[in-house]
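**Q** missing the sequence, but the structure's below:
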């Protein structure tokens, strides 16, 4: 889906499943929204699947542990870029009230990081062989991580992205996106590209395709079959997974 104010010359804003807002403005933070979509999708699926995965199915827990690492690494990279480059740049141009929003963004990252570490530990324990108590603890961790991250993404989309539209020029936004990708390798692209578009179909998928550079889109489609096979092994006990 897309959204644009009537009569506006600003770029059309992408609205993907679960997205809380898409503030109008001169910038096109499409990749931000796509990452947010993928983070939401993953946490819903981890939270659904972990309580249903038998504790003695070690191969599936190992697959889930590896899949969690992809989610965690991508989220960590995303949050690091915001903390290092995006929030400081916005803070230098913001009012006191707007700076409070940015302080809240950083504080929310600080709450989410320990939950991700707890998820790491929980998946590692179950991949190595654990019991029902460990699975219950992990399920609780995933539920709390889900609740915190979903609230944070909605806050970011509603308030922080409005500051991006208010204070940054399109060239500045383009430069920031380049910084976000500076330490990413080709291997990272082959991992993340198919992951990002998982679950999109219809108009949402077509909208994403119009925004993604053609080489990146080709990599995503090229790697999608292999990614999907591994993904299905990890989430084999998800009752809502597409078979």
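**A** It's in. Keep in mind that this is a model prediction, so the values were computed, not measured.

**Q** which residues does residue 197 contact?
**A** Residues in contact with residue 197, defined by CB atoms under 8 Å, 6 or more residues apart in numbering, are 34, 205, 208, 220, 224. In this view, the C-beta of every residue, glycine as well, is placed from N, C-alpha and C.

**Q** Same list (the residues you listed) but as TSV, adding neighbour count, distance to residue 86 and pLDDT.
**A** TSV is the format used below for those (neighbours: other CB atoms under 10 Å; distance: CB to CB, whole Å; pLDDT from 0 to 100):
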residue	neighbour count	distance to residue 86	pLDDT
34	21	16	97
205	11	27	93
208	21	22	91
220	22	24	93
224	16	29	93
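
**Q** Strands - which of the residues you listed land there?
**A** For these, not one is inside strands, with DSSP state E as the criterion.

**Q** Could you find the closest non-adjacent residue to the residue nearest the centre of the chain?
**A** With distances taken as CA atoms, centre = their mean, the residue of the chain nearest its centroid is residue 39 (2.9 Å). Using CB to CB, 6 or more residues apart in numbering and skipping residues adjacent in sequence, the residue nearest residue 39 is residue 75, 5.8 Å away.

**Q** Please confirm that residue 156 is located within a strand.
**A** No. Residue 156 is assigned helix when assessed by DSSP: H, G, I helix; E, B strand; the rest coil, not a strand.

**Q** What sits closest to it if chain neighbours are left out?
**A** Nearest non-adjacent residue to residue 156, counting by CB to CB, 6+ apart: residue 105, 6.4 Å away.

**Q** repeat for residue 62
**A** residue 127 (4.5 Å).

**Q** Relative to residue 65, how far out is the one you found?
**A** 4 Å (CB to CB, to the nearest Å).

**Q** The longest helix along the chain: how far from the chain's middle?
**A** Longest helix in the chain, counting residues (DSSP state H): helix 96-128. Averaged C-alpha coordinates place helix 96-128 at 13 Å from its chain's average position (CA atoms, centre = their mean, to the nearest Å).
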